[in-house]
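Enquirer: My questions are about this predicted structure, shown below with the sequence.
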Amino acid sequence: MPKDSVILTLACGKFKFNRLEFGDIEGIPRLLDIGQCNDSYSAIQIAAALAKASTPTSTACPSPSSSPGTNRKRSRSLLTLLYLGIKDIRLGPTLPAFLTPNLVKILVDKFNIMPIKTAQEDLKAILG
């Protein structure tokens, strides 16, 4: 991640990051743990507020990824993001079970949902 970016984590994904040291930006830690998966709405509001308070070229780039075994929680987080109109969501490594091929097509067409790739490929796509 670029040194001037903030990393928001929530749900089980945080355990991959919360033991790593990312430093801070003007005294605020770069890694912010927002809470559990049912805090998705709050995480998006925080990301939007951070983007608004940042430089004009900054953007909030939610890139949620999900892990197997938490399908109900993943679904709740995904539905929150969709309700808020968030686009360009990256999902993986597996899709939630309720996503049929027809529903996936609708989500891809309307929200540009895509599978995760490698961290390097996803960051390059997100940050340009």
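Expert: It's in. Residues are numbered from 1 along each chain as shown.

Enquirer: Can you verify my assumption that residue 77 contacts residue 40?
Expert: Yes: assessed by CB atoms under 8 Å, residue 77 is found in contact with residue 40 at 4.3 Å. C-betas here are computed from N, CA, C, even on glycine.

Enquirer: what touches both of the two?
Expert: Listed as contacting both residue 77 and residue 40 by CB atoms under 8 Å, 6 or more residues apart in numbering are residue 10.

Enquirer: three-state assignment of residue 105?
Expert: helix (DSSP: H, G, I helix; E, B strand; the rest coil).

Enquirer: In terms of secondary structure, what does the least confident helix or strand in the chain by mean pLDDT contact?
Expert: Every helix and strand in the chain was compared by mean pLDDT, DSSP states H and E; the lowest is helix 71-83, with a mean of 76. Under the contact criterion of 3 or more CB pairs under 8 Å, 6 or more residues apart in numbering; DSSP states H and E, helix 71-83 touches helix 40-53.

Enquirer: That concludes my questions; thank you for your assistance.
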